[in-house]
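K.L.:
Return atomic coordinates for the entry below.
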Amino acid sequence: MLTRRDFLQRSSLSAAGALVAWETTSGTPLQLPTQPSGVQPPAGLRFRQVHLDYHTSELITDVGAQFDPDEFADTLAKARVNSVTCFGRCHHGYIYHDTKRFPERHHPHLKRNLLKEQIEACHKRNIRVPVYLTVQWDHFTAREHPEWIVIDEHGKASGTEPFDAGFYRNLDVNTPYGDFLKEYVADLFEAVPIDGLFFDIVKVLDSSNPHTIRQMTAKGMNPALKSDRILFYNEVMANWRADMSAFVRSKDRNATIFYNSGHVGPYIRRHLPTYSHLELESLPSGGWGYLHFPLTGRYARTLGIDFLGMTGKFHTSWGDFSSLKNKAALEFECFSMLALNGKCSIGDQLAPNGKIDPATYDLIGSVYSQVEQKEPYCVDARPLVDIGVVTMEEIQPLDVTTRVPDPMMGAIRMLQEGKHQFDVIDGLTDWSGYRVLILPDQILLTDALKTKLDAYLAGGGAVLASHNSGLTPDKRAFATNAFGVSLVGEAPYSPDFIVSTGEGVSAGLPATELVVYQKANEVRVTGATVLAMTNVPYFNRTYQHFVSHRHTPSSGKPGYPAIVQNGKVIYMAHPLFSQYAQNAPRWCRQLVLNALQRLLPDPLVRTPEAPTSLLATLNSQATENRRILHLLHYVPERRGRDFDVIEDVIPLYNVAVSVKGSAKRVSLAPSGTALKFTQRNGRVEFVVPALRGHQLVVLT
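P.N.:
Down below sits the predicted model:
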């Protein structure tokens, strides 16, 4: 068995993000250096998947009564689904296959070997069936073994309150429950053929149970400190994942493995050898929003491991029975996965009686039939990018209540609206391939990041940073001299006003003062050139000093630099990305895009007259010697209070596009229609006659 120490020492990554092979203590390799899981390469992960929930209470008596295996599999096949994740054990804690080891957990009203029938029917139609099993939510276990529930720092059971509906009591794998999970996996392998395993709810928890306290004390850690408890449980989960993956691979080396926590970010790097691939759960209407998948997808594609995006067919989120997402929304979500080099997964929930819903699969099929046509232009595609956006998660863990931090939300919105090609990166990514790095608002420079940034600049790279980015972790000074400014402190006034001349960095804006509502830093120039200044208000708004309804107007008096440039580094004193996330002032985006234009005068893609709602991503298919441009035009709207929806596909006509490089032929896909184009100043220029939702353009 892989020891905790071995795992921590051996599951490392190179600076370029390449996986380093690791072994058990006996020397047996657990993954191939070129393919993180030892699974068969890309063909093993299919483009058109369904994640089929089946969380079913013991109070429902007709479980599986109307299941017809041929109807089930034929419906999936007709909808062009080629992989479906079906349930072994659900959040209620019940098992949906014959079980020798845990008959007490078999759903009390299930009269058939449901999972096995699903697998056999699907395999006859060449549909893969990974198996779902729950980890940290299990209502049966929580009821029968309350001593296995995580205890919070106040001595309370963690999760669902005793008289609240829900199965969200958090179970602790650092108890005998961890042994049960492995025994259940063994039972599963004995019961059904296994294509892969989807382990759900695999989180780092804050546990204060007596067992954990004793272990932490023995290791010299302080269980009274939350930081130590989180650090310890990170180690617990790392060890558990490594042990479980080794166990699964001892059963079948080609079984796919994924551990789901609802988000993928930099924390996952050290655990990558335990995964075969990544699944990016991101239901826009379920709390993730439409900017979460661009964040995780643009990061996941830098990790050298295959991935799929996961949305849902639901109008809201998981467990929303008898609801259907608007077709345009499902198209946009799936086509975005293709555009960002992922495969597609759509979440559904099978009715308790086991009868598959034809209307749901009419909807899924209407989208997956299009995905199937586009697949040849997506196989082994790799992104072509100019820009790397350093993620906030490099500095601090994700706040799960927001999922997308404001600086990242603003950066993603601005860059997508500006048609820029970018990845989301961290400190272990190889930065040398990016022409520009963006450090949005809060990227504080540790010693390691400072060294890496200085080396990147010395190698000819360019940097756009804002607000606190570039400061030392204590925020007392700039960590590097590369910015050409020194920190005075927080700006004395807020809001203040950026002075636009209508030229240079404020080109395209009126020559006037433009308010920024969030507080800037005051900096002193030590070598940089000032591109824009602030003017300050008459006074800050307080109960003693105020004017009008909202904020004090400008006094017309100059304050401090707003935007400066020092060689290939531009620094913006305001948190412009966070400001854009808050209320999207157009002038904030224009200032950022103008600054980028100074650092990146020849971006990969331009659409000079297209609306900001048009998205464009450029990929390369090296095996086919061609580039693929994805153009997407779907407009999310806030029609209800809870979340954005997409209902209408608004066509665009005569979309002018300019792509850096050369081409011998430009055509639409999958139709093959050739487009007229010109070659000018190192760029290919053409016009797409009509764009209805999603259009692929092939440059060969």
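K.L.:
Quick check: end-to-end length of stretch 562-577?
P.N.:
Stretch 562-577 has its terminal residues 14 Å apart, counting by Cα to Cα, to the nearest Å.
K.L.:
ugh, wrong one, I meant stretch 421-434
P.N.:
Span of stretch 421-434 from end to end, Cα to Cα: 10 Å.
K.L.:
go on, stretch 496-510?
P.N.:
With Cα to Cα as the measure, stretch 496-510 spans 17 Å from end to end.
K.L.:
so how far is it off the chain centroid?
P.N.:
34 Å (Cα atoms, centre = their mean, to the nearest Å).
K.L.:
Same check on stretch 211-231?
P.N.:
Per Cα atoms, centre = their mean, the centroid offset for stretch 211-231 relative to its chain is 31 Å.
K.L.:
Quick check: buried residues in stretch 181-193?
P.N.:
181, 184, 185, 187, 188, 189, 191, 192 (16 or more other Cβ atoms under 10 Å). Quick note: C-beta positions are derived from backbone N, CA and C, even for glycine.
K.L.:
Does the last one touch residue 117 like I think?
P.N.:
No: contact status for residue 192 versus residue 117: not in contact, 9.6 Å apart, counting by Cβ atoms under 8 Å.
K.L.:
separation between residue 427 and residue 331?
P.N.:
Note on residue 427: its distance to residue 331, by Cβ to Cβ, to the nearest Å, is 36 Å.
K.L.:
The two: who's more crowded?
P.N.:
residue 331 (21 against 18; other Cβ atoms under 10 Å).
K.L.:
So which elements touch the helix or strand encompassing that one?
P.N.:
In this assignment (DSSP states H and E), residue 331 forms part of helix 327-339. On a contact count with 3 or more Cβ pairs under 8 Å, 6 or more residues apart in numbering; DSSP states H and E, helix 327-339 meets helix 292-300, strand 307-312, strand 343-349, helix 358-374, strand 615-621, strand 626-632, strand 694-699.
K.L.:
Where do the helices of this structure begin and end?
P.N.:
Using DSSP state H, the helices found in the chain span residues 4-10, 69-78, 114-123, 139-144, 176-191, 210-218, 226-251, 292-300, 327-339, 358-374, 406-417, 447-458, 576-583, 586-599.
K.L.:
looking at the helices and strands packed on helix 327-339, which is closest to residue 253?
P.N.:
Nearest of those to residue 253, taken as Cβ to Cβ: strand 307-312 at 20.3 Å.
K.L.:
for the closest residue to residue 678 other than its chain neighbours, what are its contacts?
P.N.:
Using Cβ to Cβ, 6 or more residues apart in numbering and skipping the chain neighbours, the partner closest in space to residue 678 is residue 685 (4.9 Å). Residues near residue 685 by Cβ atoms under 8 Å, 6 or more residues apart in numbering: 656, 657, 658, 659, 677, 678, 679.
K.L.:
rerun that using 10 Å as the cut-off
P.N.:
606, 608, 656, 657, 658, 659, 666, 676, 677, 678, 679 (Cβ atoms under 10 Å, 6 or more residues apart in numbering).
K.L.:
Leaving out the residues flanking it, which one is nearest to the first one?
P.N.:
Same thing as residue 606. residue 658 (4.3 Å).
K.L.:
pLDDT at that neighbour, what is it?
P.N.:
Looking at residue 658, its pLDDT stands at 98.
K.L.:
any chance of the buried residues of stretch 181-193 in a markdown table, plus pLDDT?
P.N.:
Converted to a markdown table, the buried residues of stretch 181-193 look like this (pLDDT from 0 to 100):
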| residue | pLDDT |
| --- | --- |
| 181 | 98 |
| 184 | 98 |
| 185 | 98 |
| 187 | 98 |
| 188 | 98 |
| 189 | 98 |
| 191 | 98 |
| 192 | 98 |
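K.L.:
Can you pull the residues that touch both of residue 192 and residue 117?
P.N.:
Any residue near both residue 192 and residue 117 by Cβ under 10 Å, 6+ apart counts here, and that gives 86, 97.
K.L.:
So in the protein, where's the weakest helix or strand by average pLDDT?
P.N.:
helix 4-10 (a mean of 31; mean pLDDT, DSSP states H and E).
K.L.:
what separates the closest residue to residue 94 other than its chain neighbours from residue 96, distance-wise?
P.N.:
Among residues not flanking residue 94 along the chain, residue 107 sits closest, at 4.0 Å (Cβ to Cβ, 6+ apart). Separation of residue 107 from residue 96 (Cβ to Cβ) stands at 6 Å.
K.L.:
out of those two, which sits in the more crowded spot?
P.N.:
residue 96 (28 against 24).
K.L.:
the domain parsing of the protein - what is it?
P.N.:
Under the assignment automatic domain parsing, the domains of the chain span 48-201+236-377, 385-601, 606-699.
K.L.:
any chance of those domains in CSV, with distance to residue 211 too?
P.N.:
Formatted as CSV, the domains of the chain follow (distance: least, Cβ to Cβ, whole Å):
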stretch, distance to residue 211
domain 48-201+236-377, 6
domain 385-601, 24
domain 606-699, 40
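K.L.:
Out of these, which is closest to residue 224?
P.N.:
Minimum separation from residue 224 across the domains of the chain (Cβ to Cβ) falls at domain 48-201+236-377, 8.3 Å.
K.L.:
Pull the contacting residues for the residue nearest the centre of the chain.
P.N.:
The structure's the chain has its C-alpha centroid closest to residue 296; by Cα atoms, centre = their mean the separation is 1.7 Å. Contacts for residue 296 were tallied using Cβ under 10 Å, 6+ apart; they are 263-265, 268, 278, 280-282, 288, 307, 309, 340, 342, 391, 403-404, 424.
K.L.:
in the sheet, who's paired with the nearest residue in space to residue 47 that is not next to it in sequence?
P.N.:
Nearest in space to residue 47, with sequence neighbours left out and distances taken as Cβ to Cβ, 6+ apart, is residue 343 at 4.7 Å. For residue 343, the beta-bridge partners are residue 308 (DSSP bridges).
K.L.:
Start the count at 8 instead of 1 going forward.
P.N.:
Fine by me, first position is 8 from now on; the one you just mentioned is residue 350.
K.L.:
Residue 350: neighbouring residues, count only.
P.N.:
Counted with other Cβ under 10 Å, residues neighbouring residue 350 total 24.
K.L.:
Surely it and residue 284 touch.
P.N.:
Yes: with contact defined as Cβ atoms under 10 Å, residue 350 and residue 284 form a contacting pair (8.7 Å).
K.L.:
Residues that sit against both of the two, list them.
P.N.:
Common neighbours of residue 350 and residue 284 (Cβ under 10 Å, 6+ apart) are 49, 52, 313, 314, 315.
K.L.:
Roughly how far does the closest residue to the second one other than its chain neighbours sit from residue 253?
P.N.:
Once its chain neighbours are removed from consideration, residue 52 has its nearest residue in residue 313; the separation is 4.7 Å (Cβ to Cβ, 6+ apart). Residue 313 sits at a distance of 21 Å from residue 253 (criterion: Cβ to Cβ).
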